[in-house]
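> Dropping the sequence and predicted coords here.
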Amino acid sequence: MTSKTWLSAAVIGAALLGSSAALAQTKWDLPGAYPAGNFHTKNLVQFAEDVKKLSGGKLEITVHPGASLFKAPEIKRAVQTGQVQIGEVLMVNVENEIPVFGADGVPFLATSFDASYKLWQAQKPVIEKKLAEQGMTALYAVAWPPQGIYAKKDINKIEDLKGTKWRAYSPATSRIAELVQAQPVTIQQAELAQALATGVVDTFMTSGSTGRDSKVWESLTHYYDTQAWLPKNLIFVNNDAFKKLDAASQKALKDAAVEAEKRGWEMAKVETEAAKADLAKNGMKVLAPSAELKAGLEKVGATMIEEWTKKAGADGKAIIDAFRKM
């Protein structure tokens, strides 16, 4: 090879390397806590696809469902410390650390999709402030279907819950157990099916989606559609990781998040009816709560609203006040 030929090859090689660097792909991991078939996870996957498309392939997000990368209680810390760049958490799971995250886990505060979305608008400024203090930013939030009671016997009044083995997955659900004199057992969603099969729990409150995902009809018989509250999943990002993205990828992430939030809330509404239908199809009794049971639960809710507002302090009061003015 002549010196001239070698020089030309070197120039071409450098140009190709420069072109490759310009098209360099950033890869992120997104740990999720719920099964691949859950509507939240499907929404995450679509969100990741949208980000890749809108960024021209510069940012690729791999979704890890079913608590396969980090267990549910570990995800926030993983994002905060930069172990992963982005994550999904059930907001009420963060309540012990940051009380304002528990607002949508308070029974009978927001009991419909419209009310839950208004509550999110009231929460959002406070949530964003708290996350910013820890180096993170909220991208979007999506509600679960309304929460109902699962049991293997008739629950006609609140006293019928006394002594049952109650699955708790958040501070709020643990407190409900105390107030109805049930025995709280902390079980996250990924372990629920096994806990039911082994008799570790026999009653709990959760969405129709979680009931279907866990095939609760294999162990339980009754579902009471109490519509007690609509907890939300929050998708959030590590600020240092976000700042390393080019402007186009940052915009792609934010734009995809806007669409994911809109899409997710609509998916949740569809999921609500579909999940209840599947519970019934698989032999469960899907019932409205009796007037006596509803009255008892509302008393529990009133106690918990008062307790939560005190615990959350000025920020909690601001959220409740803003929500009630909407």
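Sure thing, it's come through.
> For the rest of this, base every contact and every neighbour count on C-alpha atoms.
Noted.
> So the residue nearest to the spatial centre of the chain: helix, strand or coil?
For the chain, the residue nearest the mean C-alpha position is residue 233 (2.1 Å; C-alpha atoms, centre = their mean). Using DSSP: H, G, I helix; E, B strand; the rest coil, the structure places residue 233 in strand.
> Skipping its backbone neighbours, what lies nearest it in space?
Excluding the flanking residues, the one nearest residue 233 by C-alpha to C-alpha, 6 or more residues apart in numbering is residue 90, at 4.4 Å.
> can you tell me which residues contact that neighbour?
Residues near residue 90 by C-alpha atoms under 8 Å, 6 or more residues apart in numbering: 231-234.
> Tell me the most packed of those, by neighbour count.
For the contacts of residue 90, the largest neighbour count, defined by other C-alpha atoms under 10 Å, is 29 neighbours, found at residue 231.
> Could I get the full set of strands for the chain?
Counting by DSSP state E, the chain has strands at residues 26-31, 59-64, 86-90, 136-143, 147-151, 165-168, 183-186, 203-207, 222-224, 232-238, 285-287.
> May I see those organised as CSV, with distance to residue 322 and mean pLDDT added?
Listed next are the strands of the chain as CSV, based on distance: least, C-alpha to C-alpha, whole Å; pLDDT from 0 to 100:
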stretch, distance to residue 322, mean pLDDT
strand 26-31, 32, 98
strand 59-64, 34, 98
strand 86-90, 22, 97
strand 136-143, 18, 98
strand 147-151, 23, 96
strand 165-168, 29, 96
strand 183-186, 32, 96
strand 203-207, 26, 94
strand 222-224, 30, 98
strand 232-238, 18, 98
strand 285-287, 33, 97
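> can you list those strands in TSV and add distance to residue 109?
TSV is the format used below for these (distance: least, C-alpha to C-alpha, whole Å):
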stretch	distance to residue 109
strand 26-31	29
strand 59-64	32
strand 86-90	17
strand 136-143	14
strand 147-151	12
strand 165-168	19
strand 183-186	22
strand 203-207	16
strand 222-224	18
strand 232-238	14
strand 285-287	21
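> quick one: which of these is nearest residue 279?
Closest approach to residue 279 among the strands of the chain is made by strand 285-287 (7.2 Å; C-alpha to C-alpha).
> Output the below-cut-off pLDDT ranges for the stretch 101-250 of the chain.
Within the stretch 101-250 of the chain, no range satisfies pLDDT under 70.
> For it, just list every one of the helices.
Secondary structure of the stretch 101-250 of the chain (DSSP state H, counting those that start in this stretch): helices at 113-133, 171-179, 189-197, 208-213, 239-243, 247-281.
> The residue nearest to residue 36 when sequence neighbours are not counted: how many residues sit nearby?
Counting by C-alpha to C-alpha, 6+ apart, residue 36 lies nearest to residue 65, which is 5.5 Å off, once chain neighbours are set aside. Using other C-alpha under 10 Å as the criterion, residue 65 is surrounded by 23 other residues.
> got it, and residue 114?
Residues contacting residue 114 under the criterion other C-alpha under 10 Å number 11.
> just to revisit the earlier point, next, the contact list for the residue nearest to the centre of the chain, please.
Residue 233 touches 88-91, 141-144, counting by C-alpha under 8 Å, 6+ apart.
> Give me the buried stretch members for stretch 211-229, please.
Buried residues in stretch 211-229, counting neighbours by 16 or more other C-alpha atoms under 10 Å, are found at 211-217, 219-229.
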